[in-house]
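A.B. asks: The sequence and its predicted three-dimensional model are supplied below.
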Amino acid sequence: MILTLRGEGLSLSGAELASFEDLTVMVKDGEPFTPSVVFFPMHRIERVELDLPDGSLPSLSQRFFSRTGLEPADVLRPSSRNDATGPGGHNRKEPA
C-alpha cells in the first residue's frame, strides 16, 4: 500500500512477497502481525506496477481477500490494530 509519494521518494506499507502465503494464514488465524514500512528514494525507483489480475489469474489483493475475507488496504495500514476482531480491528466477513 502506498503511504506517500513525493519528490524525495516513495513510502510503502506491506509484507514481503515471499511471505504472502504465510501472511494470509496468519491473518485468517487471527494471529498478530505488524506490516513493514519502507522508504525508497526516488533516484532508486525504476518502475511501480499496479496489482491487477492477469487473464484468469487473480491479483494479490483478490487472493488475499478470498483467503481472509478482509481487504488488504484495511489490514496493511501501519496504524492497524491486531486484536480479537481481526487485523485492523475489523470484523471478519463470514463465508457465504
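C.D. replies: Done, it's in.
A.B. asks: Next, count neighbours for Lys16.
C.D. replies: Careful, residue 16 is Glu; it's not Lys. Applying other C-beta atoms under 10 Å, we find 9 residues neighbouring Glu16. The C-beta positions use only the backbone N, C-alpha and C, and glycine is treated the same way.
A.B. asks: Report the contact partners of it.
C.D. replies: The contact partners of Glu16, by C-beta atoms under 8 Å, 6 or more residues apart in numbering, come to Ser36.
A.B. asks: From Val38, how far off is it?
C.D. replies: Taking C-beta to C-beta, to the nearest Å as the measure, Glu16 and Val38 are separated by 10 Å.
A.B. asks: again with Val75
C.D. replies: Relative to Val38, Val75 is positioned 17 Å away (C-beta to C-beta).
A.B. asks: where does the chain have low pLDDT?
C.D. replies: Counting by pLDDT under 70, the chain shows low-confidence ranges at 79-96.
A.B. asks: if you set the cut-off to 50 instead, what comes out?
C.D. replies: Residues of the chain meeting the criterion pLDDT under 50: 80-96.
A.B. asks: And the helices in it?
C.D. replies: 20-28, 60-68, 72-76 (DSSP state H).
A.B. asks: Let me have those in CSV, adding mean neighbour count and distance to Asp51 as columns.
C.D. replies: Formatted as CSV, the entries for the helices of the chain read as follows, by neighbours: other C-beta atoms under 10 Å; distance: least, C-beta to C-beta, whole Å:
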stretch, mean neighbour count, distance to Asp51
helix 20-28, 17, 11
helix 60-68, 17, 5
helix 72-76, 20, 8
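A.B. asks: Tell me which of these approaches Arg47 most closely.
C.D. replies: The closest of the helices of the chain to Arg47 is helix 60-68. By C-beta to C-beta, the value is 16.9 Å.
A.B. asks: That closest one vs helix 20-28, what angle?
C.D. replies: 40 degrees (axes from the mean of the first three to the mean of the last three C-alpha atoms, to 10 degrees).
A.B. asks: Give me the distance between helix 60-68 and the centre of its chain.
C.D. replies: Centre-to-centre, helix 60-68 and its host chain are 10 Å apart (C-alpha atoms, centre = their mean, to the nearest Å).
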